[in-house]
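1. predicted structure and sequence below. I'll ask about it afterward.
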Amino acid sequence: MTGIFSIERLSPRRGEGLQGLYMADKKSIGIAIRRFRDMRGITQAMLAERVKIKTASISRIESGLVQAKLKNIIAIATALQVEPWQLFTTQTLVPYSPREPQISFEVREPKAPYGKPEAYEAVKLLQDPCSLGPGREISEEPPVDYAPILKRFLPKGFGSPPDRIVAFPTVGRSMSPTINDSSVVWIDRQDLLAKEGEIYAFLLPDKTITIKRLIRVNEDHLIIDGDNRDTEARKMDELRGYPKILYLQEDISVIRGRVIWVLNKLV
């Protein structure tokens, strides 16, 4: 069966995190800070004291002479009792509101068993696996897009809890040829049972998330590794130190979900 998918983009392109807004014109940011400061009736010295930076720094930021660090912008917004995005734009931003995505499928073989849109489920395609980290609420995160998957590959009750299945683009060659760079993986966030040979999203000690294969299950630790066996590839930073031991934690699961499907980019 061949065909072409298209999924209506429902997530906002603008405002997908402060990092994108951070590239706004520094002069405009300074004007916004000064406007809100004047509205609150506080001086540059008072604002500097609350943010714990020098008064001269506030003056330079408001004059547009320097680009404030992102952490300082967040602190300034807190001190001015505004949302951080209000320092980047004067336009009204519409909060993200999830809606049911619409899947259309151009079927080149109409009689094919999986040629109908209703055979697929659209799940959130998030920016990166970091959303699987502890303390993140995926149901509240706007997707960059939606990724279709055949419903027959989904576990029973996949919609409970919300966004149980999510998708991410992959980066790097550590899992090649099983998962190539710039591919897409679908992850079941509820499947946390450790099974040797399966591929999972793992929480590393530095709080980052990696996609690797579970090689060995022990009483107090797991051993994980990438699939790429190429000698030169094993020397790359993304595979340095692998196979890696992950010690189990009492309060947080180091397994953040199991990879249930892969859409590989051909290389």
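-> That came through fine. Numbers count the residues shown, from 1 in each chain.
2. from memory Ala147 sits against Glu121, does it?
-> No - in this structure, Ala147 is not within contact of Glu121 by C-beta atoms under 8 Å, at 9.5 Å. Where C-beta positions appear, they are placed from N, C-alpha and C, glycine not excepted.
3. in terms of neighbours, single out the busier of these two.
-> Taking neighbours as other C-beta atoms under 10 Å, Ala147 and Glu121 compare with Ala147 leading, 26 against 20.
4. roughly how far is the helix or strand harbouring that one from the heart of the chain?
-> For Ala147, the host element (DSSP states H and E) is strand 145-150. Once both centres are worked out by C-alpha atoms, centre = their mean, to the nearest Å, strand 145-150 turns out to sit 16 Å from its chain's centre.
5. same deal with stretch 132-141?
-> Counting by C-alpha atoms, centre = their mean, stretch 132-141 is centred 9 Å from the centre of its parent chain.
6. what sits against Thr43?
-> Arg37 (C-beta atoms under 8 Å, 6 or more residues apart in numbering).
7. before we move on, the earlier item: what's the first helix or strand after the strand holding Ala147?
-> Towards the C-terminus, the helix or strand next in line after strand 145-150, according to DSSP H and E, is strand 165-169.
8. check which helices and strands that next one sits against.
-> strand 120-125, strand 145-150, strand 184-188 (3 or more C-beta pairs under 8 Å, 6 or more residues apart in numbering; DSSP states H and E).
9. chain center to the helix or strand following the last one: distance?
-> Reading on from strand 184-188 to the C-terminus, the next helix or strand found by DSSP H and E is strand 199-203. Using C-alpha atoms, centre = their mean, the distance from the centre of strand 199-203 to the centre of the chain it belongs to is 15 Å.
10. circling back: export the helices and strands packed on strand 165-169 as TSV, with columns for mean pLDDT and distance to Leu203.
-> Converted to TSV, the helices and strands packed on strand 165-169 look like this (pLDDT from 0 to 100; distance: least, C-beta to C-beta, whole Å):
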stretch	mean pLDDT	distance to Leu203
strand 120-125	86	20
strand 145-150	85	22
strand 184-188	92	13
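11. closest to Ile165 out of those?
-> Each of the helices and strands packed on strand 165-169 was scored for nearness to Ile165 using C-beta to C-beta, and the closest is strand 120-125 (4.8 Å).
12. follow-up on the earlier one: let me have the helices and strands packed on strand 165-169 in JSON lines, extended by distance to Val217.
-> What follows is these, written out as JSON lines (distance: least, C-beta to C-beta, whole Å):
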{"stretch": "strand 120-125", "distance to Val217": "28"}
{"stretch": "strand 145-150", "distance to Val217": "27"}
{"stretch": "strand 184-188", "distance to Val217": "18"}
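13. what packs against whichever strand or helix holds Gly257?
-> Using DSSP H and E, Gly257 falls within strand 255-263. Under the contact definition 3+ C-beta pairs under 8 Å, 6+ apart, strand 255-263 sits against strand 184-188, strand 199-203.
14. what about 10 Å?
-> In terms of contacts (3 or more C-beta pairs under 10 Å, 6 or more residues apart in numbering; DSSP states H and E), strand 255-263 is packed against strand 145-150, strand 165-169, strand 184-188, strand 199-203, strand 209-217.
15. next one: the host helix or strand of Leu47 to chain centre, how far?
-> When secondary structure is defined using DSSP H and E, the element that contains Leu47 is helix 44-51. Going by C-alpha atoms, centre = their mean, the spacing between the C-alpha centre of helix 44-51 and its chain's C-alpha centre is 34 Å.
16. next: stretch 183-195.
-> Relative to the chain's own centre, stretch 183-195 is displaced by 15 Å; criterion: C-alpha atoms, centre = their mean.
17. just stretch 237-244 next, same as before
-> With C-alpha atoms, centre = their mean as the basis, stretch 237-244 stands 22 Å off its chain's centre.
18. can you give me the end-to-end span of that stretch?
-> The stretch stretch 237-244 measures 13 Å between its terminal residues, going by C-alpha to C-alpha, to the nearest Å.
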